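# Sequence unavailable; structure follows:
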């Protein structure tokens, strides 16, 4: 159905896995770097689309991070991600792109949901203050899809992804998500023979974690899916407490010190687990790995590639390769 597929952020953590998966299933993939297609500048995006004429775009590029970066840079998170989305959709409209699959985030959900997060809850309240900048930019993706379909007929799917982890993640503390941050911290403290490790919060929040290669596989399954502007959750539907996650990482790393918690530091939203009923209806053949299996694979990779993984330092100059 689609002759050329453009994947934004195709050199980043998730994007590179989407590119790999798309190529595995025989698709013709465009994977530009920032020098060729700078999403932060409209003319650059427009010129690239005019020259290469993709039929479909998977928009996975994003500037993102964990609790610390959401605390320190909410405006930057909002500005960068919103600008990229606005430029991409406008250029797509001017160059006859047929469909855009937006990679959204569970961060865009309201904070006051009781139980698993259902797509019908997406607009039913304010987000948690800790993710307001990033989460708002993901809601704008959904608004863009609705608006550009209404005016220009660009079809699409909006996929709300849960927390990701896996090989090639960002392990530097400031930019990392919780899984990568814990892996690096336990590994470093083990090497230093530290008698204890202190983690942020009290360990009680419940989160859902998905192996990034599984997320890429699910995203590619939506390439031929019917146009549907209602969000679709992409996850495992299984919640894990941060305390239990830390214990798993501790065991896999083989760190034998004491695990402590600092409740003066923020926990973030109390519970964030997706209802994946719609995902199962849309792609019933999709079966994600369990956290135990995926985490073991990730930690084995990190041990073999620690020096390279620890040196990876993302910044604004390469934002279109992020995620």
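Nice, I can see it. All values derive from a computational prediction rather than experimental measurement.

# Count the residues that sit near residue 5.
Using other CB atoms under 10 Å, residue 5 is surrounded by 23 other residues. Using the backbone N, CA and C atoms, a C-beta is placed for each residue, glycine as well.

# just residue 137 next, same as before
The local packing of residue 137 (other CB under 10 Å) involves 26 other residues.

# Give me the contact list for stretch 170-183.
13, 65-66, 68-69, 163-165, 169, 184-185, 199, 207, 209, 242, 245-246, 249, 253, 295, 298-299, 302, 309-310, 312-314 (CB atoms under 8 Å, 6 or more residues apart in numbering).

# Following the chain past the lowest-mean-pLDDT helix or strand in the chain, name the next helix or strand.
Least confident helix or strand, the chain: helix 67-72 with a mean of 82, by mean pLDDT, DSSP states H and E. Next in sequence after helix 67-72, counting helices and strands by DSSP states H and E, comes helix 74-94.

# re earlier: the contacts of stretch 170-183 in strands, which ones?
163-165, 199, 207, 209 (DSSP state E).

# Now for the residue of the chain most remote from its centre: which residues touch it?
Ranking residues of the chain by C-alpha distance from their mean position (CA atoms, centre = their mean) puts residue 195 at the top, at 33.5 Å. By CB under 8 Å, 6+ apart, residue 195 lies in contact with 257-258.

# And it, how far from residue 95?
Computed as CB to CB, to the nearest Å, the residue 195 to residue 95 distance reads 59 Å.

# The residue lying closest to residue 277 once chain neighbours are set aside: how many residues sit nearby?
Of all residues not flanking residue 277 in the chain, residue 118 sits nearest, at 7.7 Å (CB to CB, 6 or more residues apart in numbering). Residue 118 has 17 neighbours, counted by other CB under 10 Å.

# Equivalent analysis for residue 17, please.
Neighbour tally, residue 17, other CB under 10 Å: 25.

# Check which helix or strand it maps to.
Under the criterion of DSSP H and E, residue 17 resides in helix 13-24.

# Could you point out the helix or strand that follows that helix?
Following helix 13-24 in sequence order, the next helix or strand is strand 29-30 (DSSP H and E).

# In the sheet, which strands lie alongside that next one, parallel or antiparallel?
Paired with strand 29-30 in the same sheet, following DSSP bridges, are strand 5-8 (parallel).

# Distance from the chain centre to the partner strand, please.
Strand 5-8 sits 16 Å away from the centroid of its parent chain (CA atoms, centre = their mean, to the nearest Å).

# Please apply the same query to stretch 47-58.
Averaging C-alpha positions (CA atoms, centre = their mean) puts stretch 47-58 23 Å from its chain's average.

# if we can go back for a sec, and the buried ones among the contacts of stretch 170-183, selectable in ChimeraX?
Of those, the buried ones go into a single ChimeraX selection, burial set by 16 or more other CB atoms under 10 Å:
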select :13,65,66,68,69,163,164,165,169,184,185,199,207,209,242,245,246,249,253,295,298,299,302,309,314
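
# re the thing from before, the residue farthest from the centre of the chain and residue 260, how far apart?
From residue 195 across to residue 260, the span is 10 Å (CB to CB).

# contacts for the host helix or strand of residue 58?
Residue 58 is part of strand 56-59, with elements assigned from DSSP H and E. Contact with strand 56-59 is made by 2, 4-9, 18, 22, 84-85, 88, 92, 97-103, 141, 219, 223, as judged by CB under 8 Å, 6+ apart.

# Tell me where this structure has helices.
Taking DSSP state H as the test, the helices found in the chain are 13-24, 42-52, 67-72, 74-94, 132-152, 178-191, 212-221, 242-253, 277-282, 291-304, 306-311.

# Identify whichever of those helices lies nearest to residue 227.
helix 132-152 (7.6 Å; CB to CB).

# Report the mean per-residue pLDDT for that closest one.
For helix 132-152, mean pLDDT is 97.

# Now that helix: buried residues?
132-142, 144-145, 148-149.

# Report the distance from stretch 26-41 to the chain centre.
18 Å.

# no wait, stretch 276-295
In terms of CA atoms, centre = their mean, the centre of stretch 276-295 is found 16 Å from the chain centre.

# ok, and the closest non-adjacent residue to residue 160?
residue 104 (4.5 Å).
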